[in-house]
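A.B. asks: pasting a predicted model and its sequence here:
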Amino acid sequence: MKKTVILISAIIMAVMLFTACGSDDDIQAEDTTTPAEAADAQAPAGDDTATAPAPVDRVPLSLEVSPPARATFATHENGSTFAITDDGTLWAWGYNSWGWLGDGTQSTRWEPVRVMDNVVCITATRGPGEPTIFAIDQNSTLWAWGSGGSIPSEDDRSNRFAPEIVMENVANVFPSYLGARIFVVDNDNVLWGWGSNRNQELEDSDVERIFTPIRFMDNVLAVDVSTMLISVLTTNGEVWSGREIHSLEYVKSNVAYLCTNRTSDREANFITQTGEFSRDFEDEIFVGVRSLASGKHSVTRATFVLTVDDQLYGFGSVDHWLGEAYAPQNRGRRPLHIMDSVDSIILSAPDCGGLAHPMFIDTNGILFIYGEGLNLAQPLAVMENVVTAFTSSPSDVRNAVDPERQSYFAITRDGTLWAWGHAANGRLGNGTNEWTEHPVAILENMMMP
């Protein structure tokens, strides 16, 4: 409790004293910047109405089926962090045991170091343990380093200290939890994969592990393997799902977007081409939706949807994500209105079931942080001119439930990457392992997601 009180006081002082950015032409990282206008804005309070009206009168949308955006920033629970600048340079910093950063060493890096050129996408396997890092370059070549367990090679399972080529002609990569299975969609929309086959997830055989990429399906846009459930979105807007890739069952047609960042085994969320939100493969329950995010915190689940008129709603146990100001009676399938004028949702929670820290960016670019771990009665306005943000927690339960162990990152409109919070093992990239109250500029000219 003492740590939490200290943390809240520090955050409030930081908001009062710190400006996330000045003009678009002059961003300074020093503490002498002018006070942030976002800190003085009235943060929206929680809406405890149990039956907030669904936007049923909206004109149906016409959305095109689309794959998920490729990531330009990645961080792992162990403290390794990666970012791509707009010239295609991949930078890495933080904890580097067993070569996770890909710079050819095992040295922890307190500031960004150059890893590769001509990179367009970066992702890392989730969960505690040794991560494998994947990068796609401008020639559609897939590279990998870090833990050798998720790199396709029958002869060499050792860790890699520098990037090595895995596949050509790759459009996107989808690692499963702990990197047990890796799925790849190539530029011809063919789905490939390799990894654990202990329960016949990849092929109906007694082979326990697939060491080389095998071809599964054609006409694939996206894959959700964030849980044990495998869900596939095809180019014609169909969703197929199941526990084994070779025996998927048809679920839904006319789907535009498949959520690929779930942490719940029991949900597969997607948006139809007319903007309808579907959950648990049931009938449409919400319309006019343009974005969604779903996650699991401890044993509670919540889904957040963003409508075409910038209204943010929540389903499920949102009080465990947003704090006691959000009434527990709102749990379930009835929508709970959370905020107006929201541009994007950033949802993140540690895989071990620690603190949940949803973040939302409003239409003016102000970043709001929620979180039951912060004991906030309403969202906290942290920065302005924000395009996107990220949060990271340690992989062990004892530290993940400590608010002082959370790390935060944000990219502002001028392309600057900022970081603050927990800095152990150099995970912030600001040259220290001390808790950082004020957002500090880490890199300029970030590649926008």
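C.D. replies: Arrived safely. Residues are numbered from 1 along each chain as shown.
A.B. asks: quick one: the strands in the stretch 301-449 of the chain, in order.
C.D. replies: Taking DSSP state E, counting those that start in this stretch as the criterion, the stretch 301-449 of the chain contains strands spanning 312-316, 336-339, 342-346, 359-362, 367-369, 380-383, 386-392, 407-412, 417-421, 436-443.
A.B. asks: quick one: which of those is nearest Ile182?
C.D. replies: strand 386-392 (21.5 Å; C-beta to C-beta). (Glycine included, C-beta is placed from N, CA and C.)
A.B. asks: and the contacts of the closest one?
C.D. replies: 20, 73, 75-77, 81, 344, 346, 348, 357, 359, 361, 365-367, 406-413, 427, 448-449 (C-beta atoms under 8 Å, 6 or more residues apart in numbering).
A.B. asks: make a PyMOL selection of the buried ones in these.
C.D. replies: Burial among the contacts of strand 386-392 is assessed by 16 or more other C-beta atoms under 10 Å; the matching PyMOL selection reads:
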select buried, resi 20+73+75+76+77+81+344+346+348+357+359+361+365+366+367+406+407+408+409+410+411+412+427
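A.B. asks: and the strands in the stretch 101-250 of the chain, which stretches?
C.D. replies: 109-116, 119-124, 132-137, 142-146, 160-167, 170-175, 181-186, 191-196, 209-217, 220-224, 230-234, 239-242, 249-252.
A.B. asks: if you average the pLDDT over the second one, what comes out?
C.D. replies: So the one you mean is strand 119-124. Per-residue pLDDT over strand 119-124 has a mean of 94.
A.B. asks: any weak-confidence spans in the stretch 251-400 of the chain?
C.D. replies: 260-268, 278-285, 295-301, 317, 319-334, 348-357, 371-378, 393-400 (pLDDT under 70).
A.B. asks: what ranges do the helices span in it?
C.D. replies: Secondary structure of the stretch 251-400 of the chain (DSSP state H, counting those that start in this stretch): helices at 319-322, 397-400.
A.B. asks: ok so, going back, tell me which of the strands of the stretch 101-250 of the chain approaches Asp86 most closely.
C.D. replies: With distances scored as C-beta to C-beta, the stretch of those nearest to Asp86 is strand 119-124 (10.7 Å).
A.B. asks: contact partners of that closest one?
C.D. replies: When contacts are defined by C-beta under 8 Å, 6+ apart, strand 119-124 is touched by residues 70-76, 80, 82-84, 88-90, 131-138, 146, 172-173, 175, 447.
A.B. asks: show me which of those residues are buried.
C.D. replies: 70-76, 80, 82-84, 89-90, 131-137, 146, 172-173, 175, 447.
A.B. asks: closest one to Ser196 among the strands of the stretch 301-449 of the chain?
C.D. replies: Nearest to Ser196, of the strands of the stretch 301-449 of the chain and by C-beta to C-beta, is strand 386-392 at 25.5 Å.
A.B. asks: now find how far off-centre the closest one is within its chain.
C.D. replies: Mean C-alpha position of strand 386-392 versus that of the full chain (C-alpha atoms, centre = their mean, to the nearest Å) differs by 9 Å.
A.B. asks: and of the strands of the stretch 301-449 of the chain, who's closest to Trp98?
C.D. replies: strand 386-392 (19.0 Å).
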